[in-house]
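In: my questions are about this predicted structure, shown below with the sequence.
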Amino acid sequence: MIKVFCGRKAFCARSFKNRERDFCRSVAGFTLVELLVVIAIIGALVGLLLPAVQAAREAGRRMGCQNNLKQLGLALHNFENAFRRYPPSFGWSGTSGDAALNWSAQSRLLPFVEDLAVGADIQRQLSNDYHFAMLGGTAGTTLLSSLKIPVLLCPSERKNEARIDGTERHYPLNYGVNMGTWKILDPSLGVAGGTIGDGAFQVNGKLKPASFSDGLSKTLAFSEVKAYTAYAREAATQTISSPVPTDPSAIAALGGTDKATGHTEWVDGRVHQSGFTAVFPPNTRVMKTVSGVDQDIDWTNQREGKSLTVPTLAAVTSRSYHSGLVHSAMMDGSVRGIAESIDAATWKALATRAGNEAASGEY
């Protein structure tokens with residue numbers, strides 16, 4: 001075979017036995033300009049398709065988030081059917097520092113979630129009044145509190161990881177229970193009269209459907225929260241008669257010890273770990289500068305069970321990674337996306353169980 005190259009074309013002459021025929025075939029190549037044009041077209045197509053792919057993924061994450069809330073709503077109804085009441089947000093015996101009853105409402109619901117293998121073990125621990133911080137603890141064992149519970153985690157959570165306190169001790173959650181509009185507990189009134197929360201879950205609560213005069217369909221049960229939310233606690237600057245803050249910028253001045261581990265303990269029933277309040281509408285930014293860094297924070301006047309005189313008052317905001325809204329479940333089990341633009345008064349009306357407010361407007 002003989003090849004002759006001329007310019008961009010390669011000519012091939014093939015000799016046959018009888019040399020009756022010669023033929024030539026042309027083979028074309030790419031120029032650099034043509035290659036760049038192709039790359040540009042591919043880039044443009046990727047640019048057009050990427051938003052659609054991202055939107056599809058976000059739609060999938062939203063659906064997963066809604067399904068988690070539906071499971072929790074169903075578990076709540078199963079719990080009420082079994083015990084004829086709803087679970088408390090937190091257990092308190094009236095002793096400062098008491099720990100044996102502090103399981104979260106979410107913990108108490110997990111035995112009623114379908115296909116959750118850990119549910120039976122949680123039920124066993126609850127039945128024996130074990131404190132979650134005492135579970136396991138020896139070399140080679142796994143703390144129940146450190147287990148990842150998928151139904152409590154939004155697919156969009158960006159810090160879906162165990163909290164390390166010397167060892168893997170806790171795992172976060174993304175669905176807080178509704179603990180009302182500001183006041184959680186007045187310990188000075190004792191166990192019998194200390195609970196003052198106006199939400200769907202309260203300290204030592206034994207609420208029943210009849211307790212919800214506003215209607216189960218108009219009272220929040222769960223709403224989204226973000227794991228590892230910064231918060232300030234033990235400020236002890238407010239009394240039970242202190243007014244509810246109306247300006248997010250006023251929270252930083254209330255004081256307290258700064259922490260960075262809010263909503264990282266699914267077992268703990270305290271409001272900054274497993275609850276939310278309706279002081280501010282969803283996704284409100286409550287800013288505080290900590291060590292030169294601006295942080296979006298929650299705030300509690302005093303943790304439940306840590307004082308016999310200082311009340312627990314809390315501004316713990318519902319937050320979501322889903323743009324423009326938070327997903328919430330109502331006490332009747334329905335799930336909806338609530339716009340972050342919801343009127344503040346309407347949001348508070350949805351957070352009270354018996355406030356007799358008109359929950360009007362878009363939500």
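Out: Structure's in. What do you need?
In: quick check: residue 41 is in a helix.
Out: Yes - counting by DSSP: H, G, I helix; E, B strand; the rest coil, residue 41 falls inside a helix.
In: pull the contacting residues for it.
Out: The contact partners of residue 41, by C-beta atoms under 8 Å, 6 or more residues apart in numbering, come to none. Backbone N, C-alpha and C define where each C-beta goes, glycine included.
In: per-residue pLDDT of it, please?
Out: In this model, residue 41 is scored at 87, pLDDT.
In: tell me how far it lies from residue 54.
Out: Note on residue 41: its distance to residue 54, by C-beta to C-beta, to the nearest Å, is 21 Å.
In: do residue 161 as well
Out: Going from residue 161 to residue 54 by C-beta to C-beta gives 23 Å.
In: cool, and residue 350?
Out: Taking C-beta to C-beta as the measure, residue 350 and residue 54 are separated by 31 Å.
In: and the two? Which one has more around it.
Out: Between residue 350 and residue 54, counting by other C-beta atoms under 10 Å, residue 350 is the more crowded of the two (23 against 10).
In: which other helices and strands does the helix or strand harbouring that one contact?
Out: In this structure, residue 350 sits in helix 344-351 according to DSSP states H and E. Helices and strands in packing contact with helix 344-351 are not found; criterion 3 or more C-beta pairs under 8 Å, 6 or more residues apart in numbering; DSSP states H and E.
In: can you point out the buried residues in that helix?
Out: For helix 344-351, the neighbour count (16 or more other C-beta atoms under 10 Å) marks 346, 347, 348, 349, 350, 351 as buried.
In: just checking, the third one touches residue 357?
Out: Spelled out, that is residue 348. Yes - judged on C-beta atoms under 8 Å, residue 348 makes contact with residue 357 at a distance of 7.3 Å.
In: dump the residue contacts of residue 351.
Out: Going by C-beta under 8 Å, 6+ apart, the list of residues near residue 351 reads 178, 180, 181, 198, 199, 200, 219, 220, 277, 278.
In: now with 7 Å, please.
Out: Neighbouring residues of residue 351 by C-beta atoms under 7 Å, 6 or more residues apart in numbering: 178, 180, 181, 199, 220, 278.
In: just the buried residues of these.
Out: In terms of neighbour count (16+ other C-beta under 10 Å), the buried residues within the contacts of residue 351 are 178, 180, 181, 199, 220, 278.
In: coming back round to it: CSV for the buried residues of helix 344-351, including pLDDT?
Out: Putting the buried residues of helix 344-351 into CSV (pLDDT from 0 to 100) gives the following:
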residue, pLDDT
346, 96
347, 98
348, 97
349, 97
350, 97
351, 98
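In: ok, so of these, who is nearest residue 304?
Out: Nearest to residue 304 among those, counting by C-beta to C-beta, is residue 351 at 17.9 Å.
In: which residue packs closest to that closest one, ignoring adjacent ones?
Out: residue 278 (3.5 Å; C-beta to C-beta, 6 or more residues apart in numbering).
In: I appreciate the help and will end here.
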